[in-house]
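**Student:** give me a 3D structure for the following:
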Amino acid sequence: MPELPEVEVSRQGLLPYLPGHPLQAALFRVPKLRQPLSPIWAEEMAGHTLQGIARRGKYLLFDFDSQTGGGWLILHLGMSGSLRLVAPGTPPGKHDHVDLVFPHKVLRLKDPRRFGSLVWVRGPQVLDHPLLAPLGIEPLAGEFDGDWLFQATRGRQQPIKQLLMDAHRLVGVGNIYAAESLFRARISPLAPAGRLSRERCARLAAAVREVLAESIAAGGSSVRDYVHSDGGAGSFQLHCAVYGRAGEPCPVCGKPVKVVRQGGRSSFYCPRCQRP
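**Tutor:** Numbers count the residues shown, from 1 in each chain. Below is the predicted model:
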């Protein structure tokens, strides 16, 4: 599933091309993705100018004249979604389910599994929408630091990796980025969150920010379906120290990387370098 870096890379890739241009049409080729796609939305969106593109967690927020009678388009890529910029008139592929048609470009959503979501919200407010209101802190925001993480983990017995991936507390830290951050901070994914010291929390918060920033700079991680808006692929997964490397030597100590199941997900870690 595209996580925070992939969504941010998608946002940055669209910024030079779309804001400032009017939406000519929204084309829905299927009746629903994760939620139904209302034809009324297409009618209400058409004619409004895209003022900007924001991000909240793993959601992209398209501002179509929200302050002057328009609204917001909330987009989530789901497990297999990706966005492409194509020339007007380009024939759609089998899984190209949504087009946002601008005068010079078409923003095309490809989603083979249809687990993505597209929701139109009229009016100036969007962050209080039920999809966004429950989301936790942004890991790249200034308020996310060791002190915040220390307070958030007090009294929590769940493993620290599962807390990092809890979107109600911290948004956008997926499996790859949690694994790599814990490795850099030398903390086992199995460690009870509430037992982490203030110093270890500071180390982990710094590692999370570093890993996410490096992934954004590398174009994200292209593990399955994710591609950039120009069709290119991310490369962060090629530089992972532990993720996807079960049985391979740890790049620090040489001991084989282990993998365990946590909450239905694979957790990769070095049993020597990462302490509980």
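**Student:** going forward, measure contacts and count neighbours with C-alpha atoms only.
**Tutor:** Fine.
**Student:** contact partners for Pro139?
**Tutor:** Leu170, Val171, Gly172, Val173, Val208, Arg209 (CA atoms under 8 Å, 6 or more residues apart in numbering).
**Student:** could those be laid out in CSV, adding neighbour count and pLDDT?
**Tutor:** Formatted as CSV, the contacts of Pro139 follow (neighbours: other CA atoms under 10 Å; pLDDT from 0 to 100):
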residue, neighbour count, pLDDT
Leu170, 19, 97
Val171, 21, 96
Gly172, 28, 90
Val173, 27, 93
Val208, 25, 97
Arg209, 19, 97
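**Student:** so which of those are in helices?
**Tutor:** Per DSSP state H, helices hold the following members of these: Val208, Arg209.
**Student:** stretch 128-147: which residues count as buried?
**Tutor:** Neighbour-count burial for stretch 128-147, counted by 16 or more other CA atoms under 10 Å, picks out Leu132, Leu135, Gly136, Ile137, Glu138, Pro139, Leu140, Phe144, Asp145, Gly146.
**Student:** now stretch 199-210
**Tutor:** For stretch 199-210, a neighbour-count test (16+ other CA under 10 Å) marks Arg200, Cys201, Ala202, Arg203, Leu204, Ala205, Ala206, Ala207, Val208, Arg209, Glu210 as buried.
**Student:** and what of stretch 168-181?
**Tutor:** Applying 16+ other CA under 10 Å to stretch 168-181 flags 169-181 as buried.
**Student:** where do the helices sit along the protein?
**Tutor:** If DSSP H is used as the criterion, the helices of the chain fall at 4-14, 39-45, 146-153, 160-164, 175-185, 198-217.
**Student:** rank those helices by pLDDT, which is bottom?
**Tutor:** If you rank these by mean pLDDT, helix 4-14 sits at the bottom with a mean of 92.
**Student:** angle of that helix against helix 198-217?
**Tutor:** With axes from the mean of the first three to the mean of the last three CA atoms, to 10 degrees defining the directions, helix 4-14 sits at 40 degrees from helix 198-217.
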